[in-house]
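Trainee: only geometry, no sequence info:
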Ligand SMILES: C=C(CC[C@@H](C)[C@H]1CC[C@H]2C3=CC[C@H]4[C@H](C)[C@@H](O)CC[C@]4(C)[C@H]3CC[C@]12C)C(C)C
Ligand SMILES: C[S@@+](CC[C@H](N)C(=O)[O-])C[C@H]1O[C@@H](n2cnc3c(N)ncnc32)[C@H](O)[C@@H]1O
């Protein structure tokens, strides 16, 4: 082989590798490249250990784990998955019904805008995003409503990512991000004109505690909407296949225990809310939310190869391969939960904080 052929072959191989690793498979809304995958706030050499620690939470029976440990375990989970989520899914860490003819990005935005439309927000209002992730919904909601959004997340790495994205999008004057626990928020009573949470309160060990805390910080008369992860009326706790799917979802998504759909409104009322509306947004005529997961199968394999290569080269932390494998399996449990109808990630509840306290 002469040197020109050798050079051309090398260039084609290098170009192909660059295309495979850096161009193929990034999220719809760019933010992360495969070569930048990290363990969030966990140092590279500790990712594998922290992954093992994450799993140890599920090795003990639920009753032994105390509720106080849950926020730390959720924080560890988001250190492990945040970059992979951003790279493979985008900046909004939630599902949405598919809209025929619309991209995933548009479907995601419409689902987010629906939340803020439901709570009747005016430009200049101050609203809370409980469990804001890296702020995909926050930015869409601020841009759509011109309200000031204050997001809270337990994970410091997400706070930094969210702030950087807000600045880049030119929305940092409308969007504020705070690191903290939504079970004890650093906000005064009656200080928000509205609140929402998108697929986040499912991480609370007790739904009552997070709802009570959101109720406390909302102004009387204001509205709160939440998209909850629930088991539906089709779930049968005596069916081993149903149990396997629900446990698979809990383990792959850092959930202390999925709630039944019927518990949601009951809990909201218990903390003092009036329930204005409740609907499972996954039910027909909505198009399936899980098709986006199914259509990604080829992409998952490609992503897995990319991660294996990057970890072998020492670019991605050791342990990223295990985390990715866990997500891979989780995607399957979520799909089975959606197809069988036993699980919904979008049980919507709209609540009002009464103008005057009700006597109970
Ligand atoms: C609300 C929560 C998160 C919901 C979803 C945003 C995520 C649930 C499962 C995640 C994923 C599964 C498979 C991954 C794939 C193997 C990888 O190559 C690319 C990223 C995934 C598609 C990833 C993306 C985010 C999810 C869909 C929970 C935690 C309460
Ligand atoms: C699946 S993500 C959803 C994020 C965002 N709502 C979105 O749709 O993109 C769940 C979020 O809830 C946050 N969260 C979970 N438990 C929390 C807690 N106790 N306090 C504050 N945030 C928490 C996580 O850190 C994460 O940001």
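Mentor: Great, that's in hand. None of these values were measured; they are calculated from a predicted model. Ligands and ions are numbered 1, 2, ... in the order given.
Trainee: Run a quick neighbour tally on the residue of the stretch 1-150 of the chain found nearest ligand 1.
Mentor: Closest to ligand 1 within the stretch 1-150 of the chain is residue 88: 2.3 Å, counting by Cβ to the nearest ligand atom. Using the backbone N, CA and C atoms, a C-beta is placed for each residue, glycine as well. Each residue near residue 88 was counted by other Cβ atoms under 10 Å, and the total is 22.
Trainee: And for residue 115?
Mentor: Neighbour tally, residue 115, other Cβ under 10 Å: 23.
Trainee: residues contacting it?
Mentor: Counting by Cβ atoms under 8 Å, 6 or more residues apart in numbering, residue 115 touches 137, 141, 196, 198, 225, 227.
Trainee: hmm, which two among those are most spread apart?
Mentor: 141 and 227 (12.8 Å; Cβ to Cβ).
Trainee: I figured residue 293 was touching residue 336, is that so?
Mentor: No: here residue 293 does not reach residue 336: they are 10.2 Å apart, not a contact under Cβ atoms under 8 Å.
Trainee: starting at the chain centroid, how far to stretch 165-174?
Mentor: Centroid separation for stretch 165-174 versus its chain: 20 Å, with Cα atoms, centre = their mean, to the nearest Å.
Trainee: and this structure, which residues reach ligand 2?
Mentor: For the chain, the contact set with ligand 2 under Cβ under 6 Å from any ligand atom comprises 71, 74, 78, 92-94, 131-133, 136-137, 152-155, 158, 181-183, 198-200, 203.
Trainee: let's go with 5 Å and repeat that
Mentor: 71, 74, 78, 92-94, 131, 133, 136-137, 153-155, 181-182, 198-200, 203 (Cβ under 5 Å from any ligand atom).
Trainee: any idea of the mean pLDDT in the helix or strand harbouring residue 230?
Mentor: Using DSSP states H and E, residue 230 falls within strand 218-231. Mean pLDDT, computed over strand 218-231, is 98.
Trainee: In the stretch 1-150 of the chain, what residue spans correspond to strands?
Mentor: Per DSSP state E, counting those that start in this stretch, the stretch 1-150 of the chain carries strands over the ranges 126-130, 148-153.
Trainee: Dump those to JSON lines, plus mean neighbour count and mean pLDDT.
Mentor: Below are those laid out as JSON lines (neighbours: other Cβ atoms under 10 Å; pLDDT from 0 to 100):
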{"stretch": "strand 126-130", "mean neighbour count": "24", "mean pLDDT": "98"}
{"stretch": "strand 148-153", "mean neighbour count": "25", "mean pLDDT": "98"}
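Trainee: how about CSV for the ones you listed, with distance to ligand 1 added?
Mentor: Listed next are the strands of the stretch 1-150 of the chain as CSV, based on distance: least, Cβ to the nearest ligand atom, whole Å:
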stretch, distance to ligand 1
strand 126-130, 13
strand 148-153, 12
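Trainee: So for residue 242, which of these sits nearest?
Mentor: Checking the strands of the stretch 1-150 of the chain against residue 242 by Cβ to Cβ gives strand 126-130 as the closest, at 29.0 Å.
Trainee: That closest one - contacts with which helices or strands?
Mentor: helix 136-145, strand 148-153, strand 192-198, helix 207-217 (3 or more Cβ pairs under 8 Å, 6 or more residues apart in numbering; DSSP states H and E).
Trainee: neighbouring contacts of the last one?
Mentor: Contacts with helix 207-217, where a contact means Cβ under 8 Å, 6+ apart, come from 128, 130, 182-185, 187-192, 195, 197, 201, 204, 224, 259, 263-264, 267-268, 270-273, 353.
Trainee: At the geometric centre of the chain, which residue sits there?
Mentor: residue 93 (3.4 Å; Cα atoms, centre = their mean).
Trainee: And the helices in the stretch 251-360 of the chain, which stretches?
Mentor: 261-270, 291-294, 297-312, 320-340 (DSSP state H, counting those that start in this stretch).
Trainee: Point out the most buried one among those.
Mentor: Comparing these by mean neighbour count (mean count of other Cβ atoms under 10 Å), helix 320-340 comes out on top with a mean of 19.
Trainee: How about the backbone phi and psi for the residue in the stretch 101-250 of the chain positioned nearest to ligand 1?
Mentor: In the stretch 101-250 of the chain, the residue that lies nearest ligand 1 is residue 199 (3.6 Å; Cβ to the nearest ligand atom). When read as degrees, to the nearest 10, the backbone of residue 199 gives phi 50, psi 40.
Trainee: any idea how far the closest residue to it other than its chain neighbours lies from residue 144?
Mentor: In space, and not counting its chain neighbours, residue 199 is closest to residue 94: 4.1 Å by Cβ to Cβ, 6 or more residues apart in numbering. The gap separating residue 94 from residue 144 is 16 Å, by Cβ to Cβ, to the nearest Å.
Trainee: what does residue 47 give?
Mentor: With distances taken as Cβ to Cβ, residue 47 is found 36 Å from residue 144.
Trainee: And residue 56, by the same measure?
Mentor: On the measure of Cβ to Cβ, residue 56 and residue 144 end up 42 Å apart.
Trainee: which one of the two has more residues nearby?
Mentor: In this view residue 56 and residue 144 are compared by other Cβ under 10 Å, and residue 144 has more residues nearby, 15 against 10.
Trainee: what sits against residue 146?
Mentor: 123-124, 174.
Trainee: Between these, identify the one with the most neighbours.
Mentor: Result: residue 174 is most packed of these (other Cβ under 10 Å), 20 neighbours.
Trainee: In contact with the residue lying closest to that one once chain neighbours are set aside, which residues?
Mentor: Leaving aside its sequence neighbours, residue 174 sits nearest to residue 142 (Cβ to Cβ, 6+ apart; 4.1 Å). Applying Cβ under 8 Å, 6+ apart to residue 142 gives the contacts 148-149, 171, 174-175.
Trainee: Good, wrapping up.
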